[in-house]
Every structure is written in C-alpha cells, then in structure tokens.
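Visitor: Okay, predicted coordinates and the sequence, questions at the end:
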Amino acid sequence: MRLAGSLAFALTVLFGTAAQAQNPIPVKIGVLSDMSSLYADISGPGSVVAAKMAVHDFNPAAHNMKVDVVSADHQNKPDVGSSIARQWFDVDHVDAIADVPTSSVALAVSDVTREKNKVLLISGAASSDLTGPKCSPNSVHWTYDTWMLANGTGKALVKTGGDTWFFITADYAFGHALERDTAAVVTANGGKVLGHVLVPLNTADFSSFLLQAQQSHAKIIGLANAGGDTDNAIKQGAEFGITAGGQHFAGLLVFIPDVEALGLKTAQGLVLTSTWYWDMNAANRAWTKRWQAERPGKFPSMVVAGVYSSILHYLKAVAALGSAADGKAVVEKMKQMPTDDPLFGKGQVGVDGTVTHPAYLFEVKSPAESKYPGDDFKLRATIPADEAFRPLKDDNCPLVSAAK
Amino acid sequence: MTALADPPIVEARRDGERSLVVAFAVMVALLVVGPFVVYPVFLMQALCFALFACAFNLLVGYVGLLSFGHALFFGWASYLCAHAAKRWGFPPEAAVLFGTLSGAVLGLVAGSIAIRRQGIYFAMITLALAQMMYFVAVRAPFTGGEDGIQDVPRGHLFGVFDLSHEMTMYVFILVMVLASFLFIYRIINSPFGEVLKAIRENEPRAISLGYNTDRYKLCAFVLSATLAGLAGALKALVFQLASLTDVYWTMSGEVVLMTLVGGLGTVFGPVVGAFLIVAMENYLAQFGQWVLVIQGVIFVACVLVFRRGIVGELAHALGVRL
Amino acid sequence: MVEVFGIPSYALFGQLLIGLINGSFYALLSLGLAVIFGMLDVINFAHGAQYMMGAFAAYLMLQYLGLDYWVALVIVPFLIAATGIVIERLFLQHIRKLDHLYGLILTFGLALIIEGLFRNEFGSSGKPYQIPALLQGGRNLGFMFLPNYRAWVIAFSLVVCFATWFAIERTRLGSYLRAATENPALVRAFGINVPRMVTLTYGFGVGLAALAGVMAAPIYNVSPQMGSDLIIVVFAVVVIGGMGSILGAILTGFALGVIEGLTKVFFPEASSTVIFVIMAIVLLIRPAGLFGRTA
C-alpha cells in the first residue's frame, strides 16, 4: 500500500511538473440554465452540480487540462439567454455551453454558438427541431427530445391497448409540436385521435378541459404540456375521477420532480418515457448519492444526468484533439468517438447531433409499492437505442443531406 | 394619474439649462468610451431600453398618463421589424422604419381608445389592449409562438455599413438613440410640451384655456408609442431576435420600474434607470436564484428611500435640473 | 338531447358549474383586493404572493406539525394576516398620502421578495397536498361528476363573501370603516383609532387571500409562482367590478368565472384573454366599472 501510495505521489509530481512545463489546455464550460423559475428543479442548480462532478471525474490534471465551470440564469427568456451566451463567448472565453432548458432559448443560443464557432451541449431543451431543420454542426443534443418522448409513450401505449386518444395541449409552439409528433405515432400504430383542446399557458384550472376529455371517452388523455401545467392537470384529473373512470393520463413531458410535487397518491399509474432513472442500477444510485451531497432531499432528473454525461464526453473529445478552440472540430470529434459513461452507457453521437441510447417506459408506483423516498417508477418497457430516436432520414437536417 | 407625488422637476432656473448640457456631455462621453470598456452588446441592449423608458416617460412624466401596456408597441414593432428584415428581406433602415411606423399606427388605435379615461382606469385599459395583442402574438403564425422570430439578419445599413460588425452596430444604435433623446427633449420644451405639462397639472384649467386636451393627449400618446416602437425595432436587430417576452405585461411593468427608479419626469432619469435595470438582469444572472429577491429589495427601497428616483434625488440635492 | 352551438346541453351545465367554482376563487381574491383598495387606497400587488403563502402554510403545517386541512383553514388566515399587519406597519403606512403608483411598486417589490424566498427554499415545481378525507370522492349529478371538494369550495366561499359584505356594509364597525375612508380626520375626532383600523383592514384583506390559498392547496399545484399567474386576472376582475366596490368584486368574480368557463368550451385558446376584452369594453362604457361610484 505504501509503495502504491508513494508511486502515485511520484506520478502526480511528475505529471504535475510536466503539465506546468507545457501549460495546461484551458477549457471553460458555461452551464446556462433556468435557476429560478419553471424548470429550476429539473435542471438549474442541479445541473451545475452535475457539471462540476463531470469535471472532477474527468480529472483534467491527468490530461494536462484546466477546466473551469461557470453558470448563469437565462430566466427562460431567449433574449437574456442569447445575450449571456454572446458575452460568455466574446468576453469570458467560454468554450462550451451546457444544458439550456426551454427550446426557445436553446434555439437562440444555438444560433450564437454557431456564429462564434463554439460548442453547445444540449440536455434540458426538448424540441426535436434542434437536430432537425434547425440542426447545427456546433451542437450535440444529449438526453431526450420531443420525437423520442412522443414515440416512446405513444407507441407503447397504443400497443398495450390505449388506442383512442384525447390531447390536452399547451397553446404554444412546443405544445403543438409535442401533440403533432405523438398524434402521428398514435395513428401510425393503428390508434385514433378523438379530439384535442388547446389551453393557454399557465392556466390554473383544468377542470373544464378535463370534463371535455372525459366526455370524449378516449382511453388515453395525452398531456402535451410541461411543468406546473402538467401537475395541475393530473392533480385535478384525480379529483374529477378521471383515472377512477378507467381513463389514463399519458404525461408527454414529466420529470421526477413533477412526480414528487404531485405525490404518488395523485400521480400513481401515470405513464411516461425517460432515458435515465436514478434507481435503475448500482452505478446510477452511487452517482445520485454523490449528487445528493450537494442537493439534499432532491432526486436528479434525466436532464441533470445528461449534463454530466455530455460534459464528460466533450472533455474526452477536447483531450483527444488537444484544443477546445475550434468548436466545429470538437463536435466532429465527439461524433467520431463512441460515447461511454457510467450513466448512459455506450452510445453514439449521430450526424445530426442526436445522441442515441436506450429509452425506458415507466409507470409511476402507487404509495404501497414505494419502499423508500424517490422510489417512484417501475419499468414497463425498454426501447432499444435504434428505435428510441428519430431515424436520420426523417430529420430534414441539412447536415445529414450534406453528409451523403 | 393626476397628481404624481411632488413633481421632481426643480423649477428651471436661468442657469438650469447649463446642468442639462453638462449632463448630456457626460452621458455622450460615457457612451463613446463605453464600448471599449464594457461589452458592447450589453450597452446596445441598455440603450434600446433607455429609449423605451424615455418614450414611456414622455407620457407619464409630462402628461401624467401611466400606461401599463407599453409592451404592446415595443414588442409588436420588434416583431414587425424582425419579420420585414428576415422574411421580406428589407434592408435594416427600412425594417426599423417599418417597425417604428407600426408602433405609430398601433399607438393611434390604442391611444384613441385609452385617452378617454384617466388614472388607474387608463392604466388598466392600456393593459387590457396589450394583453389582447399578446394573445394575437401567441396565436399568429408569423411570430413563431414562444420561439419567436430568430436569426434575424442585421444586414447592411444603406447598403454600405455592415451591421454584423459589433462596433458599426453600436454606432448606429447610439446615433438613433441620441437623436431620439434630443427629439424628446425638444418636444417637452416646445409650446406643445408646455401644454402637455399644463394638462398634467390641471386638465380642467387647460380645457378652460381653450385647449383641446384630448387631441394633445392623443398626440403625446402616438409620439410615445412611435418611439417605443423604434426602441423595439432596434432591439430586434441587436439581438437578431423578436420574442414573446417583449409583448408580455411584465415588459410593461419593467419599463415603469426603469422610469421610476431613474426618476419620473426627469430628462435623464429613464436612461439611468434603464441602464441600472438591464445591468441588474445581466450581472445578477450569475447569482441565479437570488435575482428576484434582489430586484424586489431595490423596488421597495426605491419607494421608501429615494422616491424621486436616482436622478430626481440627485437633481434635488444639487438644486439643478437633470 | 338538446344541443347549444353543437355542444350537448348537459355538458354546458357542467361547464357553467365549473365556471362558478373558479369564480369563487376570483371572488375571494378580488374581495380582499377591493377591501384593501377601498380602505387603504393601495393596489396590493402582493396579493398573489400572500395567496401563495396561504397554500404553503397549509402544506407546511401538515408536513411538519401534522395539522390537517381543517385546522389550517382556521389558523392560516390569521397567521398570514399577521405578516400582512407587519408589512403595513413597516412599509405601507409610510406611503399613505402618495399616488397609487407607489403602493403598486412597493407591493410589487414585496411580491418579488416573497416569491424569490419561497423559490429558494422550496424549489419551483411545487409540493403535494391531498384533499381532506372528509371531502374526497364526489357525486354524479347526471350531467357531470361533481367532486365533493368543489361543492365545498363554492359553498364556503359564498358564506365568506356574504359575511364580509355584511360586515362592511351593514354593521356599525363597517360604517366606521367606510366613514374613515371618506374622512379620516372627522372619524378620529369621534375618538376612533383610525390608523389601527387601517392596519387591521389590511390584515383582513391579506387573511382573505391566505384563506383562498388554503382552499386552493388541494386542487391547484402548490408552487411559489401560483400567485403571480393569477394576480393580473384578479386585478382585471376588481377593475371590472369597480375599484373598491365590495359587492362589485364578489359578483364580478363569480360572473367572470362563468364567462371564462364558457370560453373554455367554445374558444379555449382565448380563455385567458377574454377577461381583458371584457375589461376594455366595460371601462369604455362604464368608466368606473360595473358597480363603482364615479368619483
């Protein structure tokens, strides 16, 4: 042991001095997230913790690199997000921006990143346009997107008998996209859409819309909304006897903090798609334990896990290239190297920037089934990586046609 | 708002003009040196909001009409300018002009409805109109919903100056904002401006003196909306983006706060207020969760401690006009 | 089956009833705002935050003290009213003589502080709160399924609204209050402590907001931003009813709930905008609101 210890010490000294001799490669990563409002619990401060863990686990000193992490709050406003991004690139020498929940902000930041030739590691934003018509050679979309959510939840439910649908849709571009993608999957698999209702954003009372859903007699009520809107719909659905009456909710964008906010008693039976769950395996549990040291009492969402994995892969690519200066080259390198990390396992970054890995269909447990805090999901189906994400041919991504 | 506290304008003295000239010179000097010290995009953003706040101040500070719907003009001009530049391929000067004119037209429509009421009811009517147009912005296909209109080209000004160059853009914005600032100053010191102030102080008296006050108020409203439109159009070019944030009622609230923090009815107050609020949003972003609390504390302090606004208190302390 | 504009009439009945239930929240909140505006001349922008505090207080009492919904319903309004009284003493009493604008900005600042602190402490995605055991389930009315809790909401808020109206318009204490707003100096001359009365009135208005918050906790998502989404709509309700008019606030609250409910059936996308359309129309026809007295 002593020998090993002193050997390690000697190595550190050796590498340390060597590193000083050739000046470590500086890398700066900015976590741009929603720190204070709607999506702060699924990403926000938790993403910053995950980013720091990724840097620690990568061990920059061993690769002769020096990695800094900064963070800021984009307040869910595209203009605030794009101005922070500009300032980071122009003044603060940030090389890569990570997370960026809210699709509208991510789209704006993507434009800036491309203009400045840096790297965008998307985890929190959902729109599949980011790797579709609006794809960029400077970005990688890690965790999930609307196509994958629609496909996972829609297909699995139709196949298990949920063949008639009614949508409660948030009346904005993101809600429309989510409904459109899911309805396409439902009809393609032999199901039928009976109707939909468009609801203004941040509506507190859903009872009127739930009544309309009830009267449609659809087996599945698809919730094409997010955050507090989803929570309100499910909470009031339980009250109006929707689930007791034999209808089921399908949350198209539900994260573990949403389930915690509802409580299992209300949320039980809800079906959702996720690419990562903290209690899936020993590696995830061990990682969650470390994460919780900084975020006591909370459970990491897939977004937070995606921030960790995307940064880890990014740093590997920078180390392989020996420089973070050319964003396009780094993303190119990320696409060449297969991804491999403790949380998402092995995978691949596609030409369009989508990272493919398996997705899972979960059902929320009942209070009786839940044994300990955070024991919220049970696995219903696994969607293999090659089916979980949109095939390249349907992308309409200019990068794909250029690659041919 | 017939009696907005004690108007912070210290009666113009014979040498009152001098303090204004000095302050203006200082402001111009700071703005010329600014981009070499501070990040230019931040300055451009602050300048756009400064113009917006000055336009708003024209109405509330000099006519005494508190609009709670100015986001309507700012946001819609921003959308229309972005749309003209991106989809119709307008050059920047034409796109900005188009946005500004749309602000004027919207101002004429909204103004002729709203000026029939005073005080809090005026504020509420403007809010209602703005919320209706917000709804249109959410629903209309060309606005792109919450994604907004992104990737707006800055283009070449008069076909010569490449605005994608940050410094060229800055000069363009600076010239436009300073020109508008002087224009507003000219208005409030013209005979027309004197009538407006008379209406603010005592509308029945102005009527009895034979002024058609409704026409004056509408005129001021349209001017204010036009300049707010100009600010919105410029902002669309600076950020290459027009989004829902700019038409939502919180934006109307923000401009009230900028003007109030800087100093209602002062010449330079709105500029100072805008710079302060924009700086807060930008530099507090790193404090993440504490932004809301810090903003709240500043507003409370503003009302309790320096009610005349920063510039108003300064002018009061120095006994000059600012 | 009778149909109205392609909607079966039984479905319409259900929507009308639901509108009425939502209206009871508008009524409770706008009632508080109207009381505060009527007596203090302050537009209380913190009202939404105080409503949110009511809901959170109910959650915290259940979580940490094991006190259930019914206890919360009694205690929380007093608790939050006490914080309101502190706010009045610390801040609002200093700006009494000033323009409305200053009260609005001050309470807006307070709302930001409160909301920010709650977000820092509890996160943004909300907390669970169950419907009390006694009121779970519901009954089938033939045309719709009415949850028992909703029936309770409408009944209880009607009682509270009526009691408040009665206390202010028909009792001796209420007449002092009304007189004090008209002419504080004269009322003081009769030996009544006007400042204390004003403070207590603010506390009462805040208490009403907190009460609405407790009632909302089992059915709406209990999150720090739950109030800020609502406040601007409630403002509109008060303005339509006539600023400071107690009866106006109550009736308009219920009526707008119904109108909003119908919009949710025929043109759901516009359901959050319809109130502003009505506000603009009402203000153009009746400048002081439906029930307001022209000054």
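Guide: Yes, it's here.
Visitor: Only C-alpha atoms from now on, for both contacts and neighbour counts.
Guide: OK.
Visitor: ranges for the strands of the stretch 101-250 of chain C?
Guide: All strands of the stretch 101-250 of chain C, identified by DSSP state E, counting those that start in this stretch, fall at C:138-140, C:145-147.
Visitor: In stretch A:385-393, which residues are buried?
Guide: Within stretch A:385-393, the residues scored as buried using 16 or more other C-alpha atoms under 10 Å in any protein chain shown are A:Ala385, A:Ala388, A:Phe389, A:Arg390, A:Leu392.
Visitor: what residues does the stretch 51-200 of chain C put near chain A?
Guide: C:116, C:119-120, C:123-129, C:136-138, C:145-147 (C-alpha under 8 Å from any C-alpha of the partner chain).
Visitor: The residues you listed also near chain B: which ones?
Guide: Among those, chain B is touched by C:Gly116, C:Arg119, C:Asn120 when using C-alpha under 8 Å from any C-alpha.
Visitor: Dump these to CSV, plus neighbour count, pLDDT and distance to B:Ser67.
Guide: Below are those laid out as CSV (neighbours: other C-alpha atoms under 10 Å in any protein chain shown; pLDDT from 0 to 100; distance: C-alpha to C-alpha, whole Å):
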residue, neighbour count, pLDDT, distance to B:Ser67
C:Gly116, 26, 88, 27
C:Arg119, 26, 86, 30
C:Asn120, 18, 82, 33
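Visitor: What is the nearest of these to A:Lys316?
Guide: Comparing those against A:Lys316 with C-alpha to C-alpha places C:Asn120 closest, at 34.4 Å.
Visitor: What subset of the residues of the stretch 51-200 of chain C next to chain A is buried?
Guide: Buried among these by 16+ other C-alpha under 10 Å: C:116, C:119-120, C:123-129, C:137-138, C:145-147.
Visitor: what mean pLDDT does stretch C:282-295 have?
Guide: The pLDDT scores in stretch C:282-295 average 77.
Visitor: my bad, stretch B:37-50
Guide: Mean predicted confidence for stretch B:37-50 is 90.
Visitor: does any part of it sit near chain A?
Guide: Yes. Interface with chain A: stretch B:37-50 contributes B:Tyr39, B:Val41, B:Phe42 (C-alpha under 8 Å from any C-alpha).
Visitor: Take those and, keeping just the buried ones, write it as a PyMOL select command.
Guide: A single PyMOL command selects the buried members of the residues of stretch B:37-50 next to chain A (16+ other C-alpha under 10 Å):
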select buried, chain B and resi 41+42
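Visitor: Looking at the residues of stretch B:37-50 next to chain A, which one is closest to chain C?
Guide: If you rank the residues of stretch B:37-50 next to chain A by distance to chain C using C-alpha to the nearest C-alpha, B:Phe42 comes first, at 24.3 Å.
Visitor: any idea how far the residue of chain B positioned farthest from its centre is from chain C?
Guide: Relative to the centre of chain B, and counting by C-alpha atoms, centre = their mean, the farthest-placed residue is B:Ser208 at 31.8 Å. Note on B:Ser208: its distance to chain C, by C-alpha to the nearest C-alpha, to the nearest Å, is 21 Å.
Visitor: Check what pLDDT that residue gets.
Guide: The model's pLDDT for B:Ser208 equals 89.
Visitor: and it, what is it in contact with?
Guide: Remark: with contacts taken as C-alpha atoms under 8 Å, 6 or more residues apart in numbering or on different chains, B:Ser208 is in contact with nothing.
Visitor: of the strands of the stretch 101-250 of chain C, which approaches B:Ser164 most closely?
Guide: B:Ser164 sits nearest to strand C:145-147 of all the strands of the stretch 101-250 of chain C, at 59.5 Å, using C-alpha to C-alpha.
Visitor: counting contacts, what elements does the helix ranked longest in chain B pack onto?
Guide: Longest helix in chain B, counting residues (DSSP state H): helix B:213-239. Counting contacts by 3 or more C-alpha pairs under 8 Å, 6 or more residues apart in numbering or on different chains; DSSP states H and E, helix B:213-239 is packed against helix A:78-90, helix B:40-62, helix B:71-86, helix B:92-114, helix B:166-188, helix B:191-201, helix B:203-208.
Visitor: Quick one: list the elements packing against the helix or strand where B:Val300 lies.
Guide: Assigned by DSSP states H and E, B:Val300 belongs to helix B:291-304. Helices and strands touching helix B:291-304, as assessed by 3+ C-alpha pairs under 8 Å, 6+ apart, comprise helix B:249-262, helix C:100-122.
Visitor: and the closest residue to A:Val80 other than its chain neighbours, how many neighbours?
Guide: Of all residues not flanking A:Val80 in the chain, A:His74 sits nearest, at 5.6 Å (C-alpha to C-alpha, 6 or more residues apart in numbering or on different chains). Using other C-alpha atoms under 10 Å in any protein chain shown, A:His74 has 30 neighbouring residues.
Visitor: Now do stretch A:37-52: distance from first to last residue.
Guide: When the termini of stretch A:37-52 are compared using C-alpha to C-alpha, to the nearest Å, they are 22 Å apart.
Visitor: ok, and what's touching that stretch?
Guide: Under C-alpha under 8 Å, 6+ apart, the answer for stretch A:37-52 is A:31, A:33-36, A:69, A:71, A:73, A:75-76, A:99, A:101, A:124, A:227-228, A:255-257, A:291, A:294-295, A:300-301, A:303-305, A:307-308, A:311, C:119, C:123-125.
Visitor: Mark which of the residues you listed are part of strands, please.
Guide: A:Val31, A:Ser33, A:Val69, A:Ser71, A:Asp73, A:Asp99 (DSSP state E).
Visitor: what is the rounded mean pLDDT of stretch B:189-203?
Guide: Stretch B:189-203 comes out with an average pLDDT of 89.
Visitor: re earlier: now tabulate the strands of the stretch 101-250 of chain C in JSON lines and tack on mean pLDDT.
Guide: Shown next, in JSON lines, are these (pLDDT from 0 to 100):
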{"stretch": "strand C:138-140", "mean pLDDT": "82"}
{"stretch": "strand C:145-147", "mean pLDDT": "85"}
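Visitor: quick one, which of the ones you listed is nearest to B:Phe306?
Guide: strand C:145-147 (51.6 Å).
Visitor: on that earlier part again, can you say which of the strands of the stretch 101-250 of chain C is nearest to A:Pro24?
Guide: Each of those has some distance to A:Pro24 by C-alpha to C-alpha; the shortest is strand C:145-147, at 65.4 Å.
Visitor: Please save the CA atoms from the helix or strand where C:Thr252 lies in PDB.
Guide: Here C:Thr252 sits within helix C:246-266, counting by DSSP H and E. Taking only C-alpha atoms (Å, rounded to 0.1, in the frame of the first residue of the first chain), the coordinates of helix C:246-266 have been written out as PDB:
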ATOM      1  CA  ILE C 246     -67.300  45.100  -2.200                       C
ATOM      2  CA  LEU C 247     -70.400  43.800  -3.900                       C
ATOM      3  CA  GLY C 248     -68.900  44.500  -7.300                       C
ATOM      4  CA  ALA C 249     -65.900  42.400  -6.600                       C
ATOM      5  CA  ILE C 250     -67.900  39.500  -5.400                       C
ATOM      6  CA  LEU C 251     -70.500  39.500  -8.200                       C
ATOM      7  CA  THR C 252     -67.900  40.200 -11.000                       C
ATOM      8  CA  GLY C 253     -65.700  37.400  -9.600                       C
ATOM      9  CA  PHE C 254     -68.500  34.800 -10.000                       C
ATOM     10  CA  ALA C 255     -69.700  36.200 -13.300                       C
ATOM     11  CA  LEU C 256     -66.300  36.200 -14.900                       C
ATOM     12  CA  GLY C 257     -65.700  32.700 -13.700                       C
ATOM     13  CA  VAL C 258     -68.700  31.600 -15.600                       C
ATOM     14  CA  ILE C 259     -67.800  33.600 -18.700                       C
ATOM     15  CA  GLU C 260     -64.300  32.200 -18.700                       C
ATOM     16  CA  GLY C 261     -65.800  28.700 -18.300                       C
ATOM     17  CA  LEU C 262     -67.900  29.200 -21.400                       C
ATOM     18  CA  THR C 263     -64.900  30.500 -23.300                       C
ATOM     19  CA  LYS C 264     -63.100  27.300 -22.400                       C
ATOM     20  CA  VAL C 265     -65.700  25.300 -24.200                       C
ATOM     21  CA  PHE C 266     -66.200  27.400 -27.300                       C
END
